[in-house]
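Asks: Quick one: sequence plus predicted model below, questions after.
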Amino acid sequence: MADSLPLVIGLGAVVLAVAASMAIGRWYWSRRVRAWCHDHTFELIDWYGAWFYEGPRRFWRSENQHVFKIEVRDRDGLVRSGYLTFGGYWNPFSRSVEVRWDGGDSAD
């Protein structure tokens, strides 16, 4: 038992680091999505990170692009949903943001 103590502590540290990394990522993207909604006068109803097979350019996204399925309410009270994409295909430092609403229209 004493021989395995460093292994257990190391494994626990790795699990804790992964959990902390996931929590920080969720917090960061929540802030980005909420800020985009606020800047465009939308009320955010729901959002989640889109899987690689969902949304615009599915299967062809780069690791520099982060896509979220969003549902928002506009100033008129209409509920819309679509995909919000942060980042550019080639540039990891791109600040580009694109939204593609369900139904076909898109905006930046």
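Replies: Right, received. Where do you want to start? Computed from a prediction, not measured in an experiment: that's the story for all the values here.

Asks: Where does pLDDT dip in this protein?
Replies: Low-confidence segments of the chain, defined by pLDDT under 70: 1-2, 105-108.

Asks: Strands along that one, start to end?
Replies: Along the chain, counting by DSSP state E, strands occupy 43-49, 66-73, 79-86, 97-101, 106-107.

Asks: Distance of Gly82 relative to Val18?
Replies: Gly82 sits 31 Å away from Val18, going by CB to CB, to the nearest Å. No exception for glycine: its C-beta is placed from N, CA and C like everyone else's.

Asks: neighbour count winner among the two?
Replies: Gly82 (22 against 10; other CB atoms under 10 Å).

Asks: So the more buried one is in contact with Asp74, correct?
Replies: No - counting by CB atoms under 8 Å, Gly82 does not reach Asp74; the two are 11.9 Å apart.

Asks: At which residues are the helices of the chain located?
Replies: 5-39 (DSSP state H).
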